[in-house]
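>>> coordinates only, no sequence provided:
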């Protein structure tokens, strides 16, 4: 029994190490050890195994690690023709061409939101949105949409996280959520990143439940509050159309 628990713990640690690379940044062993909260010797052994199996690669000159080819082999099977993110991509490209800004789709995963698809703006100065990025739910237009249109039980679970009380005024935030539901979209202006603004609308499934958040983001110098209000009807139109494409 104890041996079984140790094996499970080893798997959990290996997965924690792999999840350190969701930002796309190369990492040194000391940085990984700090992120996962493990001793360097333990991390060194696990990195050696992951590297041996092809899940990680190490740059000999910098001694920094990045995802290996085995991860890319696995991820290739995610982009199937029946993948909802792939089905939505043509609509996202049309929205990008119409508004000129980066378009993303987010889904909620526990207390975080995950970017499952993105189409980058063609403008020289643009917001680059990496697919797979995990972001906190307490900031950003997409976060507010995903929470605003969730049921009360889900909302109370999210608000029960002590970190929320340290980050936001909960009463004021709940009032903002009510306004979002009334107007049909959410905005954020430099909430999470300086110089970045975003506009988001819900994508509903056939049962009227929020399935994802469709977002347009870019430099705050272009995405002003006035321009986002002008774009809101276009964004809602595309979100509704994408909702009819959900299988």
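Received, thanks. Keep in mind that this is a model prediction, so the values were computed, not measured. Numbering: from 1, shown residues only.
>>> which SS state does residue 22 fall under?
At residue 22 the chain is in coil, as set by DSSP: H, G, I helix; E, B strand; the rest coil.
>>> err, residue 66, not the other one
Assignment for residue 66 (three-state DSSP): strand.
>>> quick check: it touching residue 20?
No - Residue 66 lies out of contact with residue 20 (CB atoms under 8 Å); the separation is 10.7 Å. (C-beta placed from N, C-alpha, C; glycine too.)
>>> mind checking which of the two has more residues around it?
residue 20 (17 against 14; other CB atoms under 10 Å).
>>> what are the ranges of the helices in the protein?
For the chain, the helices defined by DSSP state H cover 2-19, 29-36, 40-52, 69-76, 84-99, 141-148, 152-159, 162-167, 170-183, 225-243.
>>> the last one to helix 170-183, inter-axis angle?
With axes from the mean of the first three to the mean of the last three CA atoms, to 10 degrees as the basis, helix 225-243 and helix 170-183 are set at 70 degrees to each other.
>>> out of the helices of the chain, which comes closest to residue 109?
Among the helices of the chain, the nearest to residue 109 by CB to CB is helix 141-148 (9.9 Å).
>>> okay, the helices of the chain in JSON lines with mean neighbour count, mean pLDDT and distance to residue 123 next?
Formatted as JSON lines, those follow (neighbours: other CB atoms under 10 Å; pLDDT from 0 to 100; distance: least, CB to CB, whole Å):
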{"stretch": "helix 2-19", "mean neighbour count": "12", "mean pLDDT": "81", "distance to residue 123": "32"}
{"stretch": "helix 29-36", "mean neighbour count": "16", "mean pLDDT": "93", "distance to residue 123": "33"}
{"stretch": "helix 40-52", "mean neighbour count": "15", "mean pLDDT": "93", "distance to residue 123": "38"}
{"stretch": "helix 69-76", "mean neighbour count": "12", "mean pLDDT": "73", "distance to residue 123": "28"}
{"stretch": "helix 84-99", "mean neighbour count": "17", "mean pLDDT": "91", "distance to residue 123": "10"}
{"stretch": "helix 141-148", "mean neighbour count": "26", "mean pLDDT": "95", "distance to residue 123": "19"}
{"stretch": "helix 152-159", "mean neighbour count": "12", "mean pLDDT": "86", "distance to residue 123": "34"}
{"stretch": "helix 162-167", "mean neighbour count": "11", "mean pLDDT": "72", "distance to residue 123": "32"}
{"stretch": "helix 170-183", "mean neighbour count": "12", "mean pLDDT": "91", "distance to residue 123": "27"}
{"stretch": "helix 225-243", "mean neighbour count": "17", "mean pLDDT": "94", "distance to residue 123": "14"}
